[in-house]
Structures are given as structure tokens and as C-alpha cells.
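Novice: please work out how this folds:
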Amino acid sequence: MTATIRIKLSIMMFLEFFIWGAWFVTLGTYLLHNLKASGTQVGVAFLTQSIGAIVAPFIIGLIADRFFSAQKILGVLHLAGALLLWRAASSPDFSSFYPNILTYMILYMPTLALVNSIAFRQMKDPQKEFAPIRVLGTLGWIIAGLTIGWLNWEQTDSLRATFTMAAAASALLGVFSFTLPATPPVKSGQSSSLGDLLGLDAIGLLRNRSYLIFFLASIAICIPLAFYYGFTNPFLNEVGMKGAAGVQSLGQVSELLFMLAIPLFFSKLGVKKMLAIGMAAWVVRYVFFAYGNGLGNYWMLIAGIVLHGVCYDFFFVTGQIYTDNLAGERFKSSAQGFITLATYGVGMLIGTLLSGRVFDNYQLAGGAHDWRMIWLIPAGIAVVVLLVFLLLFRERNTQTATAEPAAYDPIPSSLAQAS
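Specialist: Numbers count the residues shown, from 1 in each chain. Predicted coordinates for the structure are as follows:
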């Protein structure tokens, strides 16, 4: 890669995740305070991420990998996304807000695969070249949160501006995308079945009993994950944390640091211990949230946020490595698409619907909430998932070649890279 291409790809990654972080972290607070939405409606709004994750394979598999260059599709999607975010910012109520954000997430989620596809196609050695570029995405998310906290938008009831800021960044990335390196379709003229697009050719991995346990645990652990995505920011603001969105960016800093340490931990601990530590971190995080507050136990709130790196990296990143090792060479891409569809599709779908109902059930007089119970419920779910996993999972180091069915070709590699 030339220095010019490296800079362009870094800017692309920065803007891609700045856009998402600019509005997604504070979405729950905005809906509850500005649009007077219910907890169930907040859950339905976050459900758009799962819907987008389910639809993304079709957009990537049917369009990006077969007909048009990835950078051009990226530009069109972000320009359309800018308009939708602008419309969402001007929506007076939830009923008019929701169609805009639903359509936006259906268009945005495929761009996560597209930016990775564009980057990988320019690299000779992705294992060395990708991380320094991808880290700009995490930095973009962090900068978005710090900007919201620095401008004090949460305390001044100005969160509508987060959508305007995201719309401007989306328009900028949309235009900038057309200057990115050419990334022509890789499967022009090839046909695909539904199984190709959804990664169902990797379903044979479930014949491995331990992988089946991991697969079900991955879906189940995404249920408490949905509580974090949907209601952490409203919780932190309600208990009096200043600049909550900025403080939440500590979670991304933690994620980045633990990501760098994953190879060391993996070699020392192995798959089962890594996955178990990740699930246990979910339990500890929610217990900290349940008993933390803006006074004497403020440290619990900070610790719960910082645990994000352990929660995400030890379970999800380790799980991706575990899946990759078991899949075999033919089905590496489709296996990653399969697990992503299950977690961010099925697991998050269940979790967002449940978290909204729990939030509504524990609303107190005067608009306050029984946050202790709201957080102890996902903590309890995580405990059950952890115990079942520890009892039933057996670590195996060998690949499961017999689990590779031959009915389909792998799904587009660009989608798999998004996970």
C-alpha cells in the first residue's frame, strides 16, 4: 500500500465508526427524554441493528459482490444515510422517527462489511496491515462520544444535534467514498442460493457438540448485551454522571487495549477459559451497575464501563477465532457470517425486545427507575449462560473437517470480514 491509500483507508474507517458512535450511544436517552418514548419503543429502535444485520448479507451478496464496485455502493449508501439521519433529527415523535432510523440501519449495516472489503482488497498482508487502519474506527467512535460529552448535549437536552452531526459526517464519507481505491465486484456473473448469502453452508459445524453449546451461548449472551446497548446511557444520565457519552468511550479504549492482548491471553488460557471469563465479566459489569451510583459507589460505574473490553474481546473475538479454527479452509467466511447472523441477528433481537419490557416494568413514580432490578435481570441471565457453558462445553483443538457440508459455496468474504 502507498501512503496515500493508507491515509484514505484510515479516514474511511474513522468516519465509518464516528457516524455510528455519534448517535447510537445516546439513542436511548434521546428517545426517552426528547421523544417521550417508552422502554419498549427504545428496544424496538435498537432492534433496527438486528434487522440491518439480517438484511446485510442480501445487499452484499446480491449487489456489492456481483454488480457494482464496493466504494461506489459505500458512497451511495452513506449519501442516502445522511438524508435519513437528517430526517430523523427533525422527527417530532417516535412514530415518524422510527421509519427513518429503520431504513437507515438497513442501509448502514452493510457498510460495515464494505469498508472492510475495500481495505482488505488493498493489502498484501492483512494480518499486519489491517489493525493499524481498523484502529482508526475505534478512535472515531471514541471521538464521537468525547465530542458529545464536551459539548454537554446530554445535560442541555440537545441530543437532536447528534443526528445532525452524524448526517454531516455521513454526507462527507459518502462523497469521500468515490475517491477510494477501485474495488470491483469479485463474483460477477456467479449465482448464489439463500444458503450462500446467510452462511448456512457452515451449519454443519453444529454437529460438533461443543460448538453447538458455544453457538447457543453466543445467542443467549447477546440478550444481556442488548440491555447495555439500549439503556446504559439513560441509566448513567439518570444517576447523575456528567458527560456520560464521553465517559462511555472508556469502554472502547478498554476494548482496544484488550484486543491487542488477545494473542497472549489466548495462548495462556485457551478457548474455554477465555469464553468463560468474557461471560463472567458480563455478570460483574451488571452487578456493578446495579449497586453503583453517582455518589459513594461512582467507581462501580466506571469499572462497569471499563469491563467492556473484557466482555467483548474475551467472548466475541475469542469466539470468532474459535469459529475460524473449526470451520476449515472452505467455510471460514460463511462460518463467520453464520455466527454474526445468530448473535447480532437472533440474540440481539430477543434481547432488545426483552430489555424494553423490563425497563417499562420497573419505572417508578416521577419518571425514575428501579435500576437495581433492571441490571440484576441481565446479570442473572448471564450467570445462567455461564453455568450451562461451564458444565457442557468441552474444549477441542482439532478442526472438525467432517462438519463441512458440500451443498453450498461460502458467502461473500466481504460480509464475513465485518464480523
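Novice: what helices and strands are in contact with the helix or strand harbouring Leu269?
Specialist: In this structure, Leu269 sits in helix 244-291 according to DSSP states H and E. Secondary-structure packing of helix 244-291 (3 or more C-beta pairs under 8 Å, 6 or more residues apart in numbering; DSSP states H and E): helix 126-150, helix 209-238, helix 298-306, helix 308-312, helix 318-327, helix 371-392. Where C-beta positions appear, they are placed from N, C-alpha and C, glycine not excepted.
Novice: 10 Å - rerun?
Specialist: Counting contacts by 3 or more C-beta pairs under 10 Å, 6 or more residues apart in numbering; DSSP states H and E, helix 244-291 is packed against helix 3-24, helix 126-150, helix 209-238, helix 298-306, helix 308-312, helix 318-327, helix 371-392.
Novice: so for Ala261, which of those helices sits nearest?
Specialist: With C-beta to C-beta as the criterion, Ala261 lies closest to helix 308-312 of those, at 9.0 Å.
Novice: which pLDDT value goes with Val384?
Specialist: As predicted, Val384 sits at a pLDDT of 96.
Novice: what's the neighbour count on the residue nearest to it when sequence neighbours are not counted?
Specialist: Nearest residue to Val384, sequence neighbours excluded (C-beta to C-beta, 6 or more residues apart in numbering): Ala220, at 7.9 Å. Ala220 has 22 neighbours, counted by other C-beta atoms under 10 Å.
Novice: same check on the one 10 residues further on?
Specialist: For Gly230, the neighbour count with other C-beta under 10 Å is 26.
Novice: which residues touch it?
Specialist: Contact analysis of Gly230 by C-beta atoms under 10 Å, 6 or more residues apart in numbering lists 27-28, 31, 39, 42-43, 45-47, 49, 348, 351-352, 355-356, 359.
Novice: cross the residues you listed against helices and list the overlap.
Specialist: 27-28, 31, 39, 42-43, 45-47, 49, 348, 351-352, 355-356, 359 (DSSP state H).
Novice: out of the residues you listed, who's nearest Met123?
Specialist: For the ones in helices among the contacts of Gly230, the nearest to Met123 is Gln49 (27.9 Å; C-beta to C-beta).
Novice: list the contacts of that closest one.
Specialist: Taking C-beta under 10 Å, 6+ apart, one finds 20, 24, 27, 101, 105, 108-109, 226, 229-230, 344-345, 348-349, 352 in contact with Gln49.
Novice: at 6 Å instead, please
Specialist: Met105 (C-beta atoms under 6 Å, 6 or more residues apart in numbering).
Novice: okay, it and Gly296: tell me how far apart.
Specialist: Per C-beta to C-beta, to the nearest Å, Gln49 is found 35 Å from Gly296.
Novice: need the pLDDT of Arg330.
Specialist: In this model, Arg330 is scored at 58, pLDDT.
Novice: in the host helix or strand of Gly174, what's buried?
Specialist: Per DSSP H and E: Gly174 is located in helix 160-177. Going by neighbour count (16 or more other C-beta atoms under 10 Å), the buried part of helix 160-177 is 160, 162-167, 169-174, 176-177.
Novice: quick one, that helix and helix 244-291 angle?
Specialist: Interaxial angle, helix 160-177 versus helix 244-291 (axes from the mean of the first three to the mean of the last three C-alpha atoms, to 10 degrees): 120 degrees.
Novice: show me the shaky parts of the stretch 101-250 of the chain.
Specialist: The model of the stretch 101-250 of the chain has pLDDT under 70 over residues 126-127, 186-202.
Novice: run the last query once more with 50
Specialist: Across the stretch 101-250 of the chain, nothing is flagged by pLDDT under 50.
Novice: over to the stretch 301-419 of the chain?
Specialist: The low-confidence ranges in the stretch 301-419 of the chain, as defined by pLDDT under 50, are 398-419.
Novice: outline the domain layout of this structure.
Specialist: Per automatic domain parsing, the domain ranges recorded for the chain read 1-180, 191-414.
Novice: picking up where we left off before, can you put the helices and strands packed on helix 244-291 in a markdown table and add distance to Gly278?
Specialist: Shown next, in a markdown table, are those (distance: least, C-beta to C-beta, whole Å):
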| stretch | distance to Gly278 |
| --- | --- |
| helix 3-24 | 22 |
| helix 126-150 | 18 |
| helix 209-238 | 8 |
| helix 298-306 | 14 |
| helix 308-312 | 6 |
| helix 318-327 | 7 |
| helix 371-392 | 9 |
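Novice: among those helices, which is nearest Ser96?
Specialist: Of all the helices and strands packed on helix 244-291, helix 3-24 comes closest under C-beta to C-beta, at 16.3 Å.
Novice: any idea of the mean pLDDT in that closest one?
Specialist: 94.
Novice: pull that helix out as PDB, backbone CA atoms only.
Specialist: Below are the C-alpha coordinates for helix 3-24, written out as PDB (Å, rounded to 0.1, in the frame of the first residue of the first chain):
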ATOM      1  CA  ALA A   3       0.900   6.100   2.000                       C
ATOM      2  CA  THR A   4      -1.900   7.900   0.100                       C
ATOM      3  CA  ILE A   5      -4.100   4.700   0.100                       C
ATOM      4  CA  ARG A   6      -3.300   4.100   3.700                       C
ATOM      5  CA  ILE A   7      -4.400   7.600   4.700                       C
ATOM      6  CA  LYS A   8      -7.600   7.300   2.700                       C
ATOM      7  CA  LEU A   9      -8.500   4.000   4.200                       C
ATOM      8  CA  SER A  10      -7.800   5.300   7.700                       C
ATOM      9  CA  ILE A  11     -10.100   8.300   7.100                       C
ATOM     10  CA  MET A  12     -12.700   5.900   5.800                       C
ATOM     11  CA  MET A  13     -12.600   3.800   9.000                       C
ATOM     12  CA  PHE A  14     -12.600   6.900  11.200                       C
ATOM     13  CA  LEU A  15     -15.700   8.400   9.600                       C
ATOM     14  CA  GLU A  16     -17.500   5.000   9.400                       C
ATOM     15  CA  PHE A  17     -17.500   4.500  13.100                       C
ATOM     16  CA  PHE A  18     -17.700   8.100  14.100                       C
ATOM     17  CA  ILE A  19     -21.100   8.200  12.300                       C
ATOM     18  CA  TRP A  20     -22.300   5.200  14.300                       C
ATOM     19  CA  GLY A  21     -21.000   6.400  17.600                       C
ATOM     20  CA  ALA A  22     -22.300   9.900  17.100                       C
ATOM     21  CA  TRP A  23     -25.900   8.900  17.700                       C
ATOM     22  CA  PHE A  24     -26.100   5.200  18.700                       C
END
